[in-house]
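Peer 1: Predicted model and sequence follow; I will ask about them next.
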Amino acid sequence: MTDHLTPAQRHLVMSHIRSRNTKPELKVRQWLWHHGYRYRLNVKGVPGKPDIVMRSYHTAIFVNGCFWHGHEGCCKIPQTNTEFWINKSSATTKTTSSSKTTAGK
C-alpha cells in the first residue's frame with residue numbers, strides 16, 4: 001500500500017500527533033480525580049518525566065502505550081519499513097528501562 005500523501009504532507013500530519021492527553025492517560029486521570037487524588041502532569045524535574053505525579057503520595061505514574069513500548073503479545077510490528085520499527089521499538093525499550101533504573105535510585 002502506497003502513501004497517498006506527499007512527504008511534506010505526511011510530515012505535517014505526523015507533527016500534529018502529540019504524546020500528551022492520550023485516551024488511556026485521560027481515563028487514568030479521570031479515575032484518579034473522581035476518587036479524590038490530586039496530581040501534577042508531566043513534571044520535568046522527576047526522572048523519566050512521568051505522565052502523572054502525586055507528590056503527597058511520593059508516586060509517579062507512567063501511562064505506557066503497548067505499541068511504543070514494545071510490550072510482548074500486545075502489538076504487531078508494521079509490515080512496511082519493518083527494520084525501522086524494530087530499531088525504534090528496541091531503542092524506546094532501552095530508554096524506558098534506563099528511566100526506570102534512574103527513578104528507582
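Peer 2: Nice, thanks for sending it over. Numbers count the residues shown, from 1 in each chain.
Peer 1: List the neighbouring strands of the one helix or strand residue 53 maps to plus their orientation.
Peer 2: The secondary structure element spanning residue 53 is strand 52-54 (assigned by DSSP states H and E). Using DSSP bridges, the neighbouring strands of strand 52-54 in the sheet come out as strand 40-41 (antiparallel), strand 59-61 (antiparallel).
Peer 1: What's the local residue count around residue 53?
Peer 2: Around residue 53 sit 19 other residues, with neighbours defined as other Cβ atoms under 10 Å. (Each C-beta comes from the backbone N, C-alpha and C, glycine too.)
Peer 1: Over to residue 20?
Peer 2: For residue 20, the tally of surrounding residues (other Cβ under 10 Å) stands at 9.
Peer 1: Residue 14 too?
Peer 2: Look at residue 14: counted by other Cβ under 10 Å, it has 9 neighbours.
Peer 1: just the one 4 residues further on next, same as before
Peer 2: A total of 7 residues lie near residue 18 under the criterion other Cβ under 10 Å.
Peer 1: Can you classify it by secondary structure?
Peer 2: Three states are possible here, and by DSSP: H, G, I helix; E, B strand; the rest coil the one that applies to residue 18 is coil.
Peer 1: Could you tell me what pLDDT the model assigned to it?
Peer 2: Reading off the per-residue confidence, residue 18 sits at a pLDDT of 73.
Peer 1: Ok, the one 4 residues further on next?
Peer 2: At residue 22, the predicted lDDT confidence score is 82.
Peer 1: Three-state assignment for the most centrally placed residue in the chain, please.
Peer 2: Centrality entry for the chain: nearest residue to the mean C-alpha point is residue 64, 4.7 Å, by Cα atoms, centre = their mean. Here residue 64 is coil, with the state taken from three-state DSSP.
Peer 1: do you know how far it is from residue 87?
Peer 2: Taking Cβ to Cβ, to the nearest Å as the measure, residue 64 falls 19 Å from residue 87.
Peer 1: and residue 95, what helix or strand is that in?
Peer 2: Residue 95 is located in helix 82-103, with elements delineated by DSSP H and E.
Peer 1: so where is the chain shaky, pLDDT-wise?
Peer 2: Scanning the chain with the threshold set as pLDDT under 70 gives 1, 67-71, 96-105.
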